[in-house]
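1. What follows is a predicted structure for the sequence shown.
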Amino acid sequence: MLFPTFTFAIFFIIVMPLSWLTMPHPARWRLFIIAASYVFYAWWDPRYVLLLAGSTLGNQAVAHAIHRARSIPARRLLLGLGVAGNVGVLAYFKYWNFAATSGQNVLGTIGLHVSPPLLSTVIPVGVSFYTFMAIAYVVDVYRGDFAPVSLSRFAVFLSFFPHLVAGPIVRPAELIPQFERPRDPRTVDATRGFALILGGLFLKVVLATTCSTLADAVFGSPRAHSALEVLVGIYAYAVQIFSDFCGYTSIAIGVAVLLGFALPQNFDNPYRAPSLQDFWRRWHMTLSRWLRDYVYIPLGGNRHGRGATYRNLGLTMLIGGLWHGAAWTFVFWGGLHGAGLAGERFRADRRRRLGLAPPPDTPGRRALSRLATFHFVCLAWVFFRADSFGNAGAVLARLLTGWGRPSPGITTGVIAAIAVGIGLQYIPWRAWALALARFSRAPLVAQGAVLALLLMAVNAMGPRGVAPFIYFKF
């Protein structure tokens, strides 16, 4: 079930009042919201509800077993089984065909010809997101950071429909305690909730869709386009993927607000970052923190010297790349970011060893840093978006060979969408908060009229039909 559809609107119109009606009775509310979330998930493919239920039961059993175990070896064994079970689910659905064909190609180079069985199953929507949440629950119980909760509470945590299919990746301590707090619908900041939903719809329906027209054409057939079209197409994809994913999470957070819950922020103007380290503090923030706390730090973080730190950064980003998809282009994308992060760390370490002062933070230097970081990110997006290294190479080669040709694909709409998508990220959050606070003090009738007019404008500017969100496939 897609958010920006009439079907979801009907679903939410039914679910929201029933959620508030049952909330004074926590046990009933949990059963109701689990049922609603499973209906939401089953709308895509009812068969995979069993996978979600199995993940819930399995991880709950492991978490309670870890909590009851007294010896460290037993706890470690149970943790290993829990993590392996979750990784095994991802390996089966996302990576079996990738691993099998990669192994087949490697063996073929040395004269061994094998034909491993390939799976024809569709990757379940959201499996990467709720599997990472399940791993966080099991690991946090093992570390003693969070005590296991009842099955119904964990089931709500894992299946809560606003975040179910594309995040944010929520930690147990961020959401489960909210289930116990009494709530009054009169205290809900409905203005903020509707503003987040409307902003998300604008990002997805208008900006992402407009940019996709050129980005899809360029990556679909780079040799048929001029170098200028390819360059603008790369910028268009950068805005498309941001607008698509940030739009989804804005809607998800807004829906959660209307239900009385707070989900963590997932984006913070990433294209204004002056460094890759800062970019990853701003882009897909819940995944970045997950990789830091459950991969980078367990690998050793920066505790064992500079070489180990660079290695751990690289490994963490390679895993992050592989999480996005079963293809070597995703691994290479992660490797590029890992190398870039390690390079930034090396440069900072070198300055410290030489006793050099940090470079002055002038507006000009900051602008150049932001420009360089943005273009490094755009270069990496080429490999993320391309369906093969050959396709990525053709896109980059066209930048060198296709100048001087006509560029009919660069339309006013695409340029405007790119400009708006990047320009919005230079508006301070304080300005947005101030505008929203002033808007929330307006009469409710006026608020409703403005929101309705803006929704009509978004609908008018958007195309017919709604494409699935890009991150659904991850």
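-> Arrived safely.
2. Low-confidence ranges, the chain, go.
-> 105-107, 112-114, 117-120, 463-468, 472-474 (pLDDT under 70).
3. for it, which helix is longest?
-> Determined from DSSP state H, the single longest helix within the chain is helix 227-259.
4. for it, packing partners?
-> helix 6-22, helix 190-201, helix 209-220, helix 363-385, helix 389-401, helix 412-423 (3 or more CB pairs under 8 Å, 6 or more residues apart in numbering; DSSP states H and E). For every residue, glycine as well, the C-beta is placed using N, CA and C.
5. just so I know, which of the ones you listed lies nearest F157?
-> With CB to CB as the measure, helix 6-22 is the member of the helices and strands packed on helix 227-259 nearest F157 (15.6 Å).
6. Give the other helices and strands that the closest one contacts.
-> Applying 3+ CB pairs under 8 Å, 6+ apart, we find helix 6-22 packed against helix 26-42, helix 227-259.
7. Quick one: those helices as TSV, columns for mean neighbour count and distance to F202 too.
-> Putting these into TSV (neighbours: other CB atoms under 10 Å; distance: least, CB to CB, whole Å) gives the following:
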stretch	mean neighbour count	distance to F202
helix 26-42	18	23
helix 227-259	24	7
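8. and those as JSON lines, adding distance to A452?
-> Shown next, in JSON lines, are these (distance: least, CB to CB, whole Å):
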{"stretch": "helix 26-42", "distance to A452": "25"}
{"stretch": "helix 227-259", "distance to A452": "16"}
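9. Relative to F12, which of those helices is closest?
-> Here helix 227-259 is closest among the helices and strands packed on helix 6-22 (CB to CB), at 6.7 Å.
10. Pull the distance from whichever helix or strand comes after the longest helix of the chain to the chain's centre.
-> Helices and strands here follow DSSP states H and E; after helix 227-259, the next one along the chain is helix 276-282. Per CA atoms, centre = their mean, to the nearest Å, the displacement of helix 276-282 from the mean C-alpha position of its chain is 14 Å.
11. contact partners of helix 276-282?
-> 267-270, 272-273, 288, 337, 340-341, 344-345, 373, 376-377 (CB atoms under 8 Å, 6 or more residues apart in numbering).
12. redo that, cut-off 10 Å
-> 265-273, 275, 283, 287-289, 291-292, 313, 317, 320, 336-345, 348, 369-370, 372-374, 376-377, 380, 425 (CB atoms under 10 Å, 6 or more residues apart in numbering).
13. about what we covered before: the longest helix of the chain versus helix 26-42: what angle between them?
-> Using axes from the mean of the first three to the mean of the last three CA atoms, to 10 degrees, the inter-axis angle of helix 227-259 relative to helix 26-42 is 150 degrees.
14. for the residue most central in space within the chain, what are its contacts?
-> What sits nearest the mean C-alpha location of the chain, by CA atoms, centre = their mean, is H284, with 4.9 Å. Applying CB under 10 Å, 6+ apart, we find H284 in contact with 167-169, 245-246, 249, 266-267, 270, 290-291, 320, 324, 471.
15. Tell me which two of the residues you listed sit farthest apart.
-> Greatest spatial distance in those: C246 and L291, 18.7 Å, computed using CB to CB.
16. Can you tell me what sits against stretch 423-431?
-> Contacts for stretch 423-431 (CB under 10 Å, 6+ apart): 199, 202-203, 207, 239, 242-243, 246, 265, 267-273, 282, 370, 432, 434-435.
17. Now that we have those, which of them are buried?
-> Among these, those classed as buried by 16 or more other CB atoms under 10 Å are 199, 202-203, 207, 239, 242-243, 246, 267, 269-273, 282, 370.
18. what's around F389, how many residues?
-> The number of residues packed near F389 is 13, by other CB atoms under 10 Å.
19. surely it meets F332?
-> Yes: at 7.5 Å, F389 and F332 qualify as touching, with contact defined as CB atoms under 10 Å.
20. which neighbours do these two share?
-> F383.
21. just to revisit the earlier point, now the helices and strands packed on helix 227-259 in TSV, with distance to V49?
-> Listed next are the helices and strands packed on helix 227-259 as TSV, based on distance: least, CB to CB, whole Å:
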stretch	distance to V49
helix 6-22	16
helix 190-201	26
helix 209-220	30
helix 363-385	30
helix 389-401	35
helix 412-423	36
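22. Okay, I10 and S159: tell me how far apart.
-> 20 Å (CB to CB, to the nearest Å).
23. C246 too?
-> The gap separating C246 from S159 is 23 Å, by CB to CB.
24. Helix or strand: which one has W333?
-> W333 belongs to helix 328-354, assigned by DSSP H and E.
25. Pull out the buried residues from that helix.
-> 328-338, 340-342, 344-345.
26. thought W20 was touching F261?
-> No: using CB under 10 Å, W20 and F261 do not qualify as a contacting pair, with a distance of 11.8 Å.
27. Regarding stretch 186-193, how distant is the last residue from the first?
-> End-to-end distance of stretch 186-193 (CA to CA, to the nearest Å): 13 Å.
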